[in-house]
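**Student:** Any chance you can model this:
(chains A and B)
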Amino acid sequence: MKITDYTMENELMYSGHNACPGCGGALAVRYLTRALGPNLALAITASCWSIIAGAPPLTALKCPILHCPFPSAGAVGSGLRRGLNAKGHYDTTVVVLAGDGGTFDIGLQALSGAAQRNEDYIFICYDNEAYMNTGMQTSSATPFGARTTTRPYPLFKHGQKKDIMRIMAAHGIPYAATASLAFPQDMENKLKKAQEMKGFRFMHVLSPCPPGWGTDSSDTIHLSRLAVFTNFFPLYEIINGEQWRMTYHPEKTRTPLKEYLEAQRRFRQVDEVTIEALQEEVDQDWEGLLKRVSTSNAEK
Amino acid sequence: MSDKTEQAVYEYACGTEPSSLNKTGGWRLAAPEKAKRLSPCCKDCLLHSEVPDWMEAVKGGRWEEAWQIMSRTNPFPALTGHVCFSPCIENCNRGRLDQELDIPTIERAIGEWRFENYQPRKGPRKIKDPVAVVGSGPAGLSCAFYLAAEGYKVTVFERSPIIGGMLALGIPEYRLPRDILTKELAILEEEGVSFVTSRALGKDMQLPELASEFREIFLATGAWLPREENIPGADKKGVYHALDFLSMINTREHPEIEDPVVVIGGGNAAVDSARCALRLNGVNHVSLVYRRSRAEMPAHPPEVEAAELEGVELIFNANPAEIKAEAASGQVESVTFNYSKTNREGLIVDKSSTFKKDCGSVILALGQEPDYSVFNNLDREMAIFAGGDLVSGPATVPEAIRGGRLEAMNIAAKMEGRSGPEVPGFSEQPVGFEELNLLARPDLELQDRQKEPGPEAGRCLGCGTCNSCGVCYLFCPDVAVDWLNNSYELNLDYCKGCGICVVECPARALALEGGY
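**Tutor:** Numbers count the residues shown, from 1 in each chain, chains lettered A, B, ... in the order given. Next up is the predicted model:
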């Protein structure tokens, strides 16, 4: 479907929600409701979206929302699915929306449980790489080198970002994918593909956060694009935990990581040596990914 | 759980009121607004035509709108689509991607559409004061078009029996099919322009008598006088001036040309004459001799290449010294040339080195100049307007059309007692290729030129002008860009001013303004 084929009726999100200007998370939900709607039920764990969705009676979405506690996203999704099934609403798509805290840290056990049981719903993690809603505290999704309020300037986070995609792949779930806001068509294709499948499906969306990352609100899409072009956040999908497939290969658009880091104030304390080390790491991860992609291609 | 409770729970979960009650526009510190920037094609266009605008209309199949936009600056797109050398293409940003947009073809298509869909205005029209236009070349016709559109009674005087000036007599038929001019003239006549042929100013009529009959006079007699260069033997039999030769060809008078032909000069008239001469029966060899180098030729390079392909022999750095004729018949037999070259002081002719070129005919295309004798009998009280080549010296058809249009606006302004139009200046830099954010357009496919005007216009990147790609709507996190009928509207009630649309706009047709 081309951009211009959409009309305002496709939109399941209202204007006037509470997101900051240039919010990546708001855009991610706009794309996903548009792709999966309108027969959609959403469970939202504690995250920015708890606020963005608005205090009752106001709502930002044209579909039912179930707000739930921080660690329970995976479990609430399971319950919602089974409840709807019991009522006979088999065709309703259940989506669980969680931030990186609700996925990588606090929500990991419920998520892992649901994935292990292969519950039938779509889990979407919009990753802004820290606990942005409560004030930018470090999470295990925060990349090396970023300053947060718990590691304020001139300190910065040590330790790697958790590789959630490999964790999910290890669960052997039917479908897991990464998506970028700068590639809406790619994201929509993946969501549509996930919707047609049964079982536990997972999507990891990088959603830039202008106040938390220290960027201009107008740079959200530009940064999402740079993250893909620098191989910092490659676009791929994993089917049944073993078939890895690239959906976008930045051959011509490959950009040095430095450009991505320098565009964000949260990385301002990172020196040249660290940037080089990070670049090496990103290259290594990329090689590893390519290897997994090629071996799964060979097996097929 | 009873159905009623369930409904209540569902409604609570869904929310009962949309968040659009919340006018988040108040958060804004800066607002996006529709902006328009200069495109390279528009900057380079001799007519200052708004190319991206009519391209957008053609893409959407809105031909009437395309014609309306086109006719603001160019009343004869079918003509210019054929004869203009299209400087608009040279800096087309699409060329950096795959291939330049075929602007002249679409321009012609708009003209052809008009020929088919022209309808005379219905009902009686209020006819305003009479205006005389002297000269029916591109400048005169353009002035007549715009004055007639304003409702003035225009009479065009032409000294030759054929209307069209340079369009009919100077430009060879292979560059401009004659039926196009005929159709344009038919439409002009429908619009109320009357033509008087075979009336030359200064010979058959004088300025004072015109002034007594018409309220305003526009002179556009062009540049038809051959420039006099003192070449010995230029008055011999078999020597033609380029414009006389072209006029004879165009009126099918069959000049007596004998093989081989030597054309002297390096302008467009020289190249046209050479190509026309080669098309004549009995002519097998045409040489074009220019006194400077190829790079210094004023002629349009593609025309020179075409001439070369057709078999015209090109000789450079040769200055004519003498044209010799047979003693008995007086017919030319050879031209003697000296080698020459240009340096900082100008043309240096080496008189010691000469060569001879045998020929049957010689065509002199050494440039032309306006005939200022039309201004004779001009008394001090009389105010007249003039435009086209008569004012600018020999130039191109689009420049003459532009001159005619500007003078038409000045004439109308003077008669209505207001000040003349402001001519837009182009100090602004056009949108460059690097500025276009084409990464935001994954739907953009690399493709070569298309045959149909619609798909070809769809290739336009719309530099500086919205071309309805929908990227602003796609990337708005606040759904504050309404997308209706393939065009967008900024909804400032909800826009939080993040500026994503401005940064991402592939065509640079949005700007972020500080304040509310």
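
**Student:** May I have the phi/psi pair for the residue in the stretch 251-400 of chain B that chain A sits nearest to?
**Tutor:** Closest approach between the stretch 251-400 of chain B and chain A, counting by CB to the nearest CB: residue B:302, at 32.6 Å. For glycine as for every other residue, the C-beta is placed from the backbone atoms N, C-alpha and C. Main-chain dihedrals, residue B:302, degrees, to the nearest 10: phi -60, psi -30.

**Student:** check contacts around it.
**Tutor:** residue B:85 (CB atoms under 8 Å, 6 or more residues apart in numbering or on different chains).

**Student:** quick one: it from residue B:85, how far?
**Tutor:** To residue B:85, residue B:302 is 8 Å away according to CB to CB, to the nearest Å.

**Student:** which residues touch residue A:213?
**Tutor:** A:128, A:129, A:223, A:264, A:265, A:266.

**Student:** Would you mind writing the PyMOL command to select the buried ones in those residues?
**Tutor:** Entered in PyMOL, the line below selects the buried ones among those, by 16 or more other CB atoms under 10 Å in any protein chain shown:
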select buried, chain A and resi 128+129+223+264+266
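
**Student:** to the chain's geometric centre, what's the distance from stretch B:66-78?
**Tutor:** 10 Å (CA atoms, centre = their mean, to the nearest Å).

**Student:** Pull the residues that contact it.
**Tutor:** By CB under 8 Å, 6+ apart, stretch B:66-78 touches B:47-50, B:53-54, B:57-58, B:80, B:107-108, B:110-115, B:138, B:141-142, B:145-146, B:180, B:183-184, B:398, B:401-402, B:405.

**Student:** Of those residues, keep whichever come out buried.
**Tutor:** Here, 16+ other CB under 10 Å leaves B:47-50, B:53-54, B:57-58, B:80, B:107-108, B:110-114, B:138, B:141-142, B:145-146, B:180, B:183-184, B:398, B:401-402, B:405 buried among the contacts of stretch B:66-78.

**Student:** Keep only the residues you listed that also lie close to chain A.
**Tutor:** Among those, no residue is within reach of chain A (CB under 8 Å from any CB of the partner chain).

**Student:** In helices, which of those residues fall?
**Tutor:** B:53-54, B:57-58, B:80, B:107-108, B:110-114, B:138, B:141-142, B:145-146, B:180, B:183-184, B:398, B:401-402, B:405 (DSSP state H).

**Student:** if we take the contacts of residue A:213, which one ends up nearest to residue B:101?
**Tutor:** Distance ranking of the contacts of residue A:213 against residue B:101, using CB to CB, places residue A:223 first at 32.3 Å.

**Student:** by contact count, what packs against the lengthiest helix in chain A?
**Tutor:** With DSSP H setting the assignment, residue counts place helix A:272-299 as the longest helix in chain A. If contacts are counted by 3 or more CB pairs under 8 Å, 6 or more residues apart in numbering or on different chains; DSSP states H and E, helix A:272-299 sits against strand A:243-248, helix A:257-262.

**Student:** Just give me the neighbour total for the closest residue to chain B within the stretch 151-300 of chain A.
**Tutor:** Per CB to the nearest CB, residue A:218 is where the stretch 151-300 of chain A lies closest to chain B, at 3.2 Å. Residue A:218 sits with 21 neighbouring residues when counted by other CB atoms under 10 Å in any protein chain shown.

**Student:** residue contacts, it?
**Tutor:** A:22, B:498, B:499, B:500, B:502, B:503, B:512.

**Student:** Can you tell me how far the fourth one is from chain A?
**Tutor:** In this case it means residue B:500. Separation of residue B:500 from chain A (CB to the nearest CB, to the nearest Å): 5 Å.

**Student:** same question, the second one
**Tutor:** According to CB to the nearest CB, residue B:498 stands 4 Å off from chain A.

**Student:** Let me see the ranges of the helices in the stretch 301-450 of chain B.
**Tutor:** B:301-310, B:389-392, B:397-415 (DSSP state H, counting those that start in this stretch).

**Student:** Give me the phi and psi angles of the residue nearest the centre of chain A.
**Tutor:** The centroid of chain A falls nearest to residue A:205 when counting by CA atoms, centre = their mean (2.3 Å). Phi and psi for residue A:205, reported as degrees, to the nearest 10, are phi -110, psi 130.

**Student:** Low-confidence regions, chain B specifically.
**Tutor:** Scanning chain B for pLDDT under 70 picks out B:1, B:13, B:424-425, B:515-516.

**Student:** What residue in it comes nearest to chain A?
**Tutor:** Counting by CB to the nearest CB, chain B gets nearest chain A through residue B:15, at 2.3 Å.

**Student:** Do I have it right that that residue meets residue A:63?
**Tutor:** No. Residue B:15 lies out of contact with residue A:63 (CB atoms under 8 Å); the separation is 9.8 Å.

**Student:** Overlap of the contact sets of the two?
**Tutor:** What both residue B:15 and residue A:63 touch, as defined by CB under 8 Å, 6+ apart, is an empty set.

**Student:** Contact partners for the residue of chain A found nearest chain B?
**Tutor:** Using CB to the nearest CB, the closest approach of chain A to chain B is made by residue A:59 at 2.3 Å. Residues near residue A:59 by CB under 8 Å, 6+ apart: A:14, A:53, A:65, B:14, B:15, B:16, B:17, B:18, B:19.

**Student:** most neighbours, which of these?
**Tutor:** Ranking the contacts of residue A:59 using other CB under 10 Å puts residue A:53 first, with 25 neighbours.

**Student:** and that one, what does it touch?
**Tutor:** A:17, A:18, A:44, A:59, A:60, A:61, A:65, A:67, B:15.

**Student:** Show only the entries of those residues found in strands.
**Tutor:** A:44, A:59, A:65, A:67 (DSSP state E).

**Student:** and the helices of the stretch 301-450 of chain B as JSON lines, adding distance to residue B:359?
**Tutor:** Output for these, formatted as JSON lines (distance: least, CB to CB, whole Å):
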{"stretch": "helix B:301-310", "distance to residue B:359": "17"}
{"stretch": "helix B:389-392", "distance to residue B:359": "30"}
{"stretch": "helix B:397-415", "distance to residue B:359": "31"}
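
**Student:** which of the ones you listed sits most buried?
**Tutor:** helix B:397-415 (a mean of 23; mean count of other CB atoms under 10 Å in any protein chain shown).

**Student:** List the buried residues in the next helix or strand after that helix.
**Tutor:** Under the assignment DSSP states H and E, the closest C-terminal helix or strand after helix B:397-415 is helix B:453-458. For helix B:453-458, the neighbour count (16+ other CB under 10 Å) marks B:453, B:456, B:457, B:458 as buried.
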